[in-house]
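S.K.: Dropping a prediction and its sequence here:
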Amino acid sequence: MNITDSDTAATVRTPRDWLRHWWQGLARRERRLIGAATALVVLALLWWVALAPALRTLQRSPAQIDAADAQLQAMQRLATEARELRSVTPVSTEQAGNVLKAATARLGDKARLALQGDRAVLTVTGVGSVALRDWLAEARSGARARTIEANLTRGTSGLSGTVTVAMGGGA
């Protein structure tokens, strides 16, 4: 059955009518092929829009969950450490200065300490990273000092520069 201009004009009023008229004019084999192609396109769209992104999310989620758990554990450790530091009795600026002087003496002639009120500035020249880490740990635990600023450079002989800390748990 072919669509003629007179048939079309008489029966086709909307695009939907035109489509129905066109579909009925197709041979049975053509309808099957178009139906199969349409099904294939629908399946491809379903895969690209719904299934593939969901599968990708499922594949990535274990790694993201592990990363989130690691972050949570790190945050919990920091929160515990902060609670412990808050519960520790404050140290006077004088006591903190004495602790920092003793820690600086262990660094030898590669470091000198300048006390300025509730702050201290450590100037180092060629100090090893482990020695500086130990000094910072002692400053934090013994003097209740926290690092405010650090300007360090790594050279062939070690670290050089300055580290400024606030003493006695001061702000």
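M.R.: On my side now, so go ahead.
S.K.: C-alpha only now, for contacts and for neighbours.
M.R.: OK.
S.K.: Next, the buried residues of stretch 148-163.
M.R.: Applying a neighbour-count criterion of 16 or more other CA atoms under 10 Å, the buried positions in stretch 148-163 are 159, 160, 161, 162, 163.
S.K.: Can you tell me how far residue 160 is from residue 22?
M.R.: According to CA to CA, to the nearest Å, residue 160 and residue 22 sit 84 Å apart.
S.K.: for residue 35, same thing?
M.R.: Distance check for residue 35 against residue 22: by CA to CA, it reads 14 Å.
S.K.: Ok, residue 84 next?
M.R.: For residue 84, the distance to residue 22 (CA to CA) stands at 80 Å.
S.K.: what about those two, which has more around it?
M.R.: Neighbours per residue, other CA atoms under 10 Å: of residue 84 and residue 22, the larger number sits with residue 22, 15 against 10.
S.K.: I'd guess the more buried one is in a helix, am I close?
M.R.: Yes - secondary structure assignment (DSSP: H, G, I helix; E, B strand; the rest coil) places residue 22 inside a helix.
S.K.: so what pLDDT did it get?
M.R.: Note for residue 22: predicted pLDDT of 88.
S.K.: Over to residue 142?
M.R.: 87.
S.K.: how about it, what does it touch?
M.R.: 96, 99 (CA atoms under 8 Å, 6 or more residues apart in numbering).
S.K.: That one and residue 31, how far apart?
M.R.: Residue 142 sits at a distance of 86 Å from residue 31 (criterion: CA to CA).
S.K.: just residue 56 next, same as before
M.R.: 36 Å.
S.K.: Looking at the two, which has the bigger crowd around it?
M.R.: residue 31 (14 against 10).
S.K.: Quickly find the element holding that one.
M.R.: Using DSSP states H and E, residue 31 sits in helix 28-46.
S.K.: Which residues does stretch 112-130 contact?
M.R.: The contact list for stretch 112-130 (CA under 8 Å, 6+ apart) reads 93, 97, 100-101, 104, 107, 110-111, 155-168, 170.
S.K.: what do you get for stretch 159-170?
M.R.: Contacts to stretch 159-170, defined as CA under 8 Å, 6+ apart, come from residues 90-93, 96-97, 118-129, 143-154.
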